[in-house]
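Trainee: Sequence isn't available, so here's the structure alone:
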C-alpha cells in the first residue's frame, strides 16, 4: 500500500471515530509504528489531523472567540503559571508587547514592580491594570474596538505597531496547530502580522487547550 492510500484510510478512520490509536492504524494497514508515525506527521503538517498521546484526532474548529469575560474563568491555573514564566523572560528597561487576552494579562500581573519598562498593548484591560498598579510606560495601539475582547484590531492598530521597535512580543492565540496561529476574525490577522515584523523576539503564550484547534484565518506560521 502506497503512502497516499494509507493516509486516505487514516483520514477516513479519524472522520468516522474522531480519535484513533496508532495501534489501530498499524493493525488495520499491517505496517510498522514508524511508518504510521511518518504518515501522521505528514497529515499534521497539512493541518488534516492533530497528534495526541498514542494516537491521532481530527482538529477542532473555532468559529467564534469567547468573550473576555468567559475567557477570564477558563484555565486559570495554567494561565497563572504561564504568566509567571513569561514574565521571567522580560528584562528591565525593555520594550515589550502584550497581545490582547487573559493569558497576557497574567503576564502583566507579574511585571508591576519592574523598573523602566515600556509596555505596548492593544488590550484595554491590560492597559487599565498597568495604569493602576505600575509605573511602567504604557503605549496603546488604538484602532477599531472589538467589544467582546476589549481590544483594538484592524489596520489602524497594525500601522501603529509597525512604527515601533519592540524587544519582545508575547502573542496570544485562541487556536494553534503545527501550521501556526489561526483566528476566526480577519481583522486580528493584520495585528498579529504587524507585531511579528515589529518585534525582535516573539513568544507564543497560550494554554494546552488551544492546541489542535484551527480557525479560518492563518495569522502566523510557527516559524515566525
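Mentor: In hand now; what should we look at? Just so you know, these numbers come straight off a predicted model, no measurement behind them.
Trainee: got the contact list for the residue nearest to residue 154 when sequence neighbours are not counted?
Mentor: The shortest distance from residue 154 to any non-neighbouring residue, by Cβ to Cβ, 6 or more residues apart in numbering, is to residue 144 (4.0 Å). From N, CA and C alone the C-beta is placed, and that goes for glycine too. Under the criterion of Cβ atoms under 8 Å, 6 or more residues apart in numbering, the contact list for residue 144 reads 152, 153, 154, 156, 157, 187.
Trainee: which among those residues end up buried?
Mentor: 152, 153, 154, 157, 187 (16 or more other Cβ atoms under 10 Å).
Trainee: May I have the secondary structure class of the fourth one?
Mentor: The one in question is residue 157. Here residue 157 is recorded as helix under DSSP: H, G, I helix; E, B strand; the rest coil.
Trainee: how far away is it from residue 194?
Mentor: 8 Å (Cβ to Cβ, to the nearest Å).
Trainee: Report the helix or strand with the lowest average pLDDT across this structure.
Mentor: Of the helices and strands making up the chain, the lowest-confidence element is strand 60-61, at a mean of 72, by mean pLDDT, DSSP states H and E.
Trainee: residues in contact with that strand?
Mentor: Contact partners of strand 60-61, identified using Cβ under 8 Å, 6+ apart, comprise 50, 175, 212, 213, 214, 215.
Trainee: got it, and stretch 131-140?
Mentor: 111-114, 117-122, 124, 127, 130, 152, 164.
Trainee: Where do the domain boundaries of the chain fall?
Mentor: By the assignment in automatic domain parsing, the chain contains the domains 3-58, 68-220.
Trainee: what about the closest residue to residue 93 other than its chain neighbours, which SS state?
Mentor: Closest residue in space to residue 93, ignoring its immediate chain neighbours: residue 116 at 4.4 Å, by Cβ to Cβ, 6+ apart. Following three-state DSSP, residue 116 is assigned to coil.
Trainee: picking that back up, kindly provide the distance from the residue nearest to residue 154 to residue 169.
Mentor: Taken as Cβ to Cβ, the span from residue 144 to residue 169 is 20 Å.
Trainee: Tell me where the model's unsure across the protein.
Mentor: Low-confidence segments of the chain, defined by pLDDT under 70, are absent.
Trainee: Report the separation between the most centrally placed residue in it and residue 74.
Mentor: By Cα atoms, centre = their mean, the mean C-alpha position of the chain lies nearest to residue 173, the distance being 2.8 Å. In this view, residue 173 and residue 74 are 14 Å apart by Cβ to Cβ.
Trainee: for this protein, what spans make up the helices?
Mentor: In the chain, the helices defined using DSSP state H lie at 3-17, 22-29, 33-45, 68-72, 76-87, 102-108, 124-133, 155-162, 186-198.
Trainee: now, which of the contacts of residue 144 sits nearest residue 35?
Mentor: residue 187 (43.1 Å; Cβ to Cβ).
Trainee: I'd say that closest one and residue 156 touch.
Mentor: No. Taking contacts as Cβ atoms under 8 Å, residue 187 lies outside contact range of residue 156: 10.2 Å.
Trainee: ok, now which ones touch the residue nearest to residue 136 when sequence neighbours are not counted?
Mentor: Nearest in space to residue 136, with sequence neighbours left out and distances taken as Cβ to Cβ, 6+ apart, is residue 117 at 4.2 Å. If you count contacts by Cβ under 8 Å, 6+ apart, residue 117 has them with 90, 92, 93, 94, 95, 96, 111, 134, 136, 137.
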